[in-house]
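> Give the three-dimensional model of this entry:
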Amino acid sequence: MLNVAVIGLGYWGPNLLRNLYELHRCGRLVACDLDPAKLQKVRSRYPTVETFTDASRVFADPEIHAVLVATPVSSHFGLARQALEAGKHVFIEKPFTSSREEALELIDLAARKDRVLMVGHTFEYSPPVLKIKEIIERGDLGRIYYISASRVNLGLHQKDVSVIWDLAPHDFSCLFFWLDEEPVRISAMGRDYVQRGIPDVAFINLEFASGCIANVQVSWLAPSKLRRTTIVGSEKMLVYDDTENIEKVKIFDKGVDYRDPETFGEYHLSYRSGDVLSPRLDSYEPLRKEMEHFLDCCENGKRPKTDGHNGLRVVRALEAAEKSMREGGVVLDVDRL
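Predicted coordinates:
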């Protein structure tokens with residue numbers, strides 16, 4: 001059995017630890033954080049979990065096979081590099097790294113060490129996102145024209161990154177997964193209304209080589225929580241609302257067809273409005289599925305679905321969006337950054 005360590009017990013680390021503990025697939029579980037109070041909570045809830053305050057103990061322990069990094073993004077690269085150099089498999093929470101250069105270095109290091117490198121894009125393991133991928137691949141929606149997404153809430157302001165780096169990775173990973181392509185151009189506008197220098201609202205535009213366009217709105221400054229995505233295709237339309245308890249995905253048989261007029265003055269457009277279908281979705285915790293996948297990859301040497309390259313494409317888009325926002329909304333070619 002694998003011996004696994006989780007570094008970082010802030011917002012998301014405890015969820016990683018809980019799933020690993022409940023899977024009963026780890027020989028040893030280690031929790032590492034600088035805050036003794038957080039470690040005390042772990043010990044009271046999971047008596048068999050070991051606790052460290054010094055991450056170097058994790059890297060120096062030859063019996064720890066895999067490390068999960070759930071710390072602020074500024075520390076991802078340094079911790080992951082030390083873990084890989086120590087010969088350990090690595091899972092890194094989103095966003096993967098602070099820059100594409102850091103991402104490429106970790107990808108190269110993992111390949112040289114023959115270690116698994118996986119990124120925590122949890123939505124790519126969720127039933128609604130997987131069902132939408134299936135629907136798109138079947139061609140049910142036809143050619144994808146555009147996608148609009150809103151991920152807003154009031155609160156959870158970060159101190160070290162903008163709202164783009166905090167919230168947009170979720171939507172970027174879903175978009176790139178569904179479309180199976182990266183954007184070629186990106187522009188963004190945003191403002192820092194609450195904390196000077198840390199934008200808390202942003203509107204991001206993405207253009208893809210296929211002709212699809214997308215708009216992603218992210219905000220820590222909104223009156224209600226909204227996690228809603230609309231996908232408009234040539235045949236049908238789809239709405240994904242992650243705040244719904246049931247019927248998170250709805251397919252609308254709505255659209256418009258253009259017809260060449262046979263006579264002068266004949267109306268060119270034909271609108272249709274048909275049934276609304278909500279497909280059946282599997283029911284499981286995406287994070288548990290993600291942790292199972294990580295352990296499987298470590299044990300069997302498989303390439304993770306959300307590997308370093310998957311993380312890199314999201315980081316590239318985040319960099320472009322952040323740069324565009326800082327420069328007043330200019331349109332940037334992603335490949336030329």
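
> what's the following helix or strand after the helix or strand of the chain with the lowest mean pLDDT?
Taking mean pLDDT, DSSP states H and E as the measure, the helix or strand of the chain with the lowest value is strand 269-277, at a mean of 78. Counting by DSSP states H and E, the next helix or strand C-terminal to strand 269-277 is helix 286-300.

> quick one: buried residues of that next one?
For helix 286-300, the neighbour count (16 or more other C-beta atoms under 10 Å) marks Pro286, Leu287, Arg288, Lys289, Glu290, Met291, Glu292, His293, Phe294, Leu295, Cys297, Cys298 as buried. Every C-beta, even on glycine, is put in place using the N, C-alpha and C of the backbone.

> So for the fourth one, what's the pLDDT?
In this case it means Lys289. Predicted confidence (pLDDT) for Lys289: 98.

> Go ahead and name everything in contact with the least confident helix or strand of the chain.
Strand 269-277 has contacts (C-beta atoms under 8 Å, 6 or more residues apart in numbering) with Lys250, Ile251, Phe252, Asp253, Lys254, Gly255, Val256, Asp257, Tyr258, Arg259.

> Parallel or antiparallel, which strands does that strand pair with?
strand 249-258 (antiparallel) (DSSP bridges).

> So for the strand it pairs with, what gets flagged as buried?
Buried-residue list, strand 249-258, by 16+ other C-beta under 10 Å: Val249, Ile251, Phe252, Gly255.

> Export only the CA atoms of the least confident helix or strand of the chain, formatted as CSV.
Coordinates of each C-alpha in strand 269-277 appear next as CSV, following Å, rounded to 0.1, in the frame of the first residue of the first chain:
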residue,chain,number,x,y,z
LEU,A,269,-35.0,32.7,-40.3
SER,A,270,-36.9,29.7,-38.9
TYR,A,271,-37.0,29.4,-35.1
ARG,A,272,-37.7,26.1,-33.2
SER,A,273,-38.5,25.5,-29.6
GLY,A,274,-38.8,21.8,-28.6
ASP,A,275,-38.4,19.7,-25.6
VAL,A,276,-36.2,20.2,-22.6
LEU,A,277,-34.3,17.1,-21.4
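
> Report the distance from that strand to the chain centre.
In terms of C-alpha atoms, centre = their mean, to the nearest Å, the centre of strand 269-277 is found 32 Å from the chain centre.

> what's the spacing between Ala70 and Pro95?
Using C-beta to C-beta, to the nearest Å, one gets 12 Å for the distance from Ala70 to Pro95.

> The stretch 151-300 of the chain: strands as residue ranges?
183-191, 201-208, 213-219, 221-233, 237-241, 249-258, 269-277 (DSSP state E, counting those that start in this stretch).

> who wins for proximity to Leu2 among these?
strand 221-233 (32.9 Å; C-beta to C-beta).
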